[in-house]
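Visitor: what follows is a predicted structure for the sequence shown.
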Amino acid sequence: MNQTKTLPSGHVRIEHAEMRGIVKRFPGVLANDNVSFDVKAGEIHALLGENGAGKSTLMKILYGLYRPEAGQIFLNGQPVSFHSPADALAQGIGMIHQHFMLVPTLTVAENVALGLKSTRGPRLDLDRVKARLLELSAAYGLKIDPDSYVWQLSVGEQQRVEIVKALYRGGALIILDEPTAVLTPQEVDELFVTLRQMREQGHALIFISHKLYEVQNLSDRITVMRDGRVVDTIPNNGVEQRTLARMMVGRDVQFQPDRAAVEPGEATLVVRDLCVQNDRGLSALRNVSLEVRAGEILGIAGVSGNGQRELAEVIAGLRAATGGDVTLGGKSILRAAVSERLRAGLAFIPEERTRHGTIGTFSVAENVILQNHGDEPFAHGIFFDFRAISRYTDELIRRFNVKTPTQETAIKNLSGGNIQKLILARELSRRPRVLIAAQPTRGVDIGATEYIRKVLMQQRSEQVAILLISEDLDEILALSDRIAVLYEGEVVGVVSRDQADVESLGLMMAGVRDPS
């Protein structure tokens, strides 16, 4: 255990927090089955498991969002009971959620002060809030401007606001629920520096994740959950990823998908001199030219924000181009409606699956037929054929191994990995000629990642032309036949998989056109 410093003033010190025999049920699901877990001051304890393993449920109980059916919580050896997050906060427990709880139109200081009593009665005391924020920022190496509006901040900066908000409210034990799911690799590195600093200051940190390399690099202890139960708690003393993966999934996991020998066909998707603007009206793509052949995976590598999102959205029909052309099977689709692109053989796995890929309040079955709900056999005129929809949904759930209680379950209640599987099922069931896969495994667990990569390789074997956009270099190298690197909206190089390595790709991602 690290030698820890004294926590800043205003923080309740938590030497030891323990959960014993926690049981939590939801309709049809035993989320936590007699789970015990603990964390100590000056420690980062990783809670590892697949989506749906029960990690977040357990921590929401510790934070007072849920009440357990059985079990007890102890702080510094004393039993406690939380009826709300306010109770947990009063005891020094804070939680940073995967989806940030910030108001975009308010400043950083206003977000931190929101819901807290002012020392001046009805008048705001934002000057005192700002002064305290600057103190905390200096103590923990967090760069934030209290007067900045949240909507102006990058995702990484918003993450820092959530951390400093928890610190401001006296958090001695802080729960981080999948904190890296929406961060770039550079932002992840910055976050880890902050978390290590917090550990040195004496905080107890619980780091929820399903990313093995992050858990290896950051944690002192690791608890693995599977199907609502604790598999084991082990010290992080050089444990191998394969061991952790086996504990998570219950079997050996194949990290590198099998690559069948495939002879690529003609170029199915061709991009010529494409120019596109981003949401702020600035140039996002400048004269980009690419082609993807049938039976080939072309990987697009690059640091986030270099035009990858705009490239995918233009091809999918979600964004207009300002110049150039996109052809599918020799025919231009640049000005075609989305429905026309689908009929031409285009499939799209969007980067933001909950925003562009699904409608959260719709059921699983309704999301399956989003794109062709008016076509036979799902509809006859203005009437739905619910039996045909049900049969089709059942088939896709079975074929793509989607875990859902029922077809009628709202898709927002599924894990990220199962939502992604359902999008794959819907897109690939139309037997596309071209597949645009944007960050297909971001935020999904190792079992779902293995499955998705296997499906992409199967589509390659079936002569589908695949454009793979990913910020995970290991994924790009594992799946791609050729790799194109985007930097500031331009293609700085295209290399074959055999010629590519992390060092040369990293140089190109920094703008070096000829890393040799």
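Guide: Received, thanks.

Visitor: can you point out the buried residues in the helix or strand hosting E503?
Guide: If you go by DSSP states H and E, E503 is part of helix 502-509. For helix 502-509, the neighbour count (16 or more other CB atoms under 10 Å) marks S504, L505, L507, M508, M509 as buried. Where you see a C-beta, it was placed from the backbone N, CA and C, and this is true even at glycine.

Visitor: so where do the helices sit in the stretch 301-450 of the chain?
Guide: Listed in chain order, the helices of the stretch 301-450 of the chain (DSSP state H, counting those that start in this stretch) span 308-316, 338-344, 364-368, 386-399, 416-428, 446-461.

Visitor: centre-most residue in the chain?
Guide: Closest to where the C-alpha atoms of the chain average out (CA atoms, centre = their mean) is G443, at 2.8 Å.

Visitor: R221 reaches V239, doesn't it?
Guide: No. Here R221 lies out of contact with V239, judged by CB atoms under 8 Å, at a distance of 10.5 Å.

Visitor: which elements pack onto the helix holding E503?
Guide: Secondary-structure packing of helix 502-509 (3 or more CB pairs under 8 Å, 6 or more residues apart in numbering; DSSP states H and E): strand 297-301, helix 473-479, strand 482-487, strand 490-496.

Visitor: adding mean neighbour count and mean pLDDT, write those out as JSON lines.
Guide: As requested, those are exported to JSON lines (neighbours: other CB atoms under 10 Å; pLDDT from 0 to 100):
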{"stretch": "strand 297-301", "mean neighbour count": "26", "mean pLDDT": "95"}
{"stretch": "helix 473-479", "mean neighbour count": "19", "mean pLDDT": "88"}
{"stretch": "strand 482-487", "mean neighbour count": "24", "mean pLDDT": "94"}
{"stretch": "strand 490-496", "mean neighbour count": "18", "mean pLDDT": "92"}
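
Visitor: could these be laid out in CSV, adding distance to H203?
Guide: Converted to CSV, these look like this (distance: least, CB to CB, whole Å):
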stretch, distance to H203
strand 297-301, 36
helix 473-479, 31
strand 482-487, 38
strand 490-496, 42
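
Visitor: which one of the ones you listed lies nearest to L205?
Guide: Of all the helices and strands packed on helix 502-509, helix 473-479 sits nearest to L205, with 26.1 Å by CB to CB.

Visitor: what is the closest one packed up against?
Guide: strand 297-301, helix 446-461, strand 465-469, helix 502-509.

Visitor: can I get the ones you listed in a markdown table with distance to D258?
Guide: A markdown table is the format used below for these (distance: least, CB to CB, whole Å):
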| stretch | distance to D258 |
| --- | --- |
| strand 297-301 | 14 |
| helix 446-461 | 7 |
| strand 465-469 | 16 |
| helix 502-509 | 22 |
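
Visitor: closest one to G330 among those?
Guide: strand 465-469 (12.6 Å).

Visitor: could you pull out the strands for the stretch 101-250 of the chain?
Guide: For the stretch 101-250 of the chain, the strands defined by DSSP state E, counting those that start in this stretch cover 173-177, 204-209, 221-226, 229-235.

Visitor: quick one, what contacts the closest residue to D481 other than its chain neighbours?
Guide: Spatial nearest neighbour of D481, chain neighbours left out: E296 (4.9 Å); criterion: CB to CB, 6 or more residues apart in numbering. Listed by CB atoms under 8 Å, 6 or more residues apart in numbering, the contact set of E296 reads V262, P264, R460, A465, I466, D481, R482.

Visitor: out of those, which one sits closest to V112?
Guide: I466 (44.4 Å).

Visitor: what residue ranges in the chain score low on pLDDT?
Guide: 1-12, 118-124, 181-186, 514-516 (pLDDT under 70).

Visitor: can you name the residues that contact H83?
Guide: Contacts of H83 (CB under 8 Å, 6+ apart): G64, R67.

Visitor: relative to I44, how far out is it?
Guide: Going from H83 to I44 by CB to CB, to the nearest Å gives 28 Å.

Visitor: hang on, the earlier thing: Q439 is nearest to which of the helices of the stretch 301-450 of the chain?
Guide: Checked against CB to CB, the stretch from the helices of the stretch 301-450 of the chain lying closest is helix 308-316, at 8.5 Å.

Visitor: now do that closest one: everything it contacts.
Guide: 269, 271, 274, 276-278, 284-285, 288, 300, 302, 319-321, 326, 333-334, 338, 341, 346, 348, 350-351, 436, 438, 467, 469, 471, 486, 489.

Visitor: dump the C-alpha coordinates for it into CSV.
Guide: Only the C-alpha atoms of helix 308-316 are listed here, as CSV (Å, rounded to 0.1, in the frame of the first residue of the first chain):
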residue,chain,number,x,y,z
GLN,A,308,-12.9,10.4,-39.0
ARG,A,309,-16.5,11.1,-37.8
GLU,A,310,-17.2,13.5,-40.8
LEU,A,311,-15.9,10.8,-43.2
ALA,A,312,-18.3,8.2,-41.9
GLU,A,313,-21.2,10.6,-41.7
VAL,A,314,-20.8,11.8,-45.3
ILE,A,315,-20.7,8.3,-46.7
ALA,A,316,-23.7,7.3,-44.6
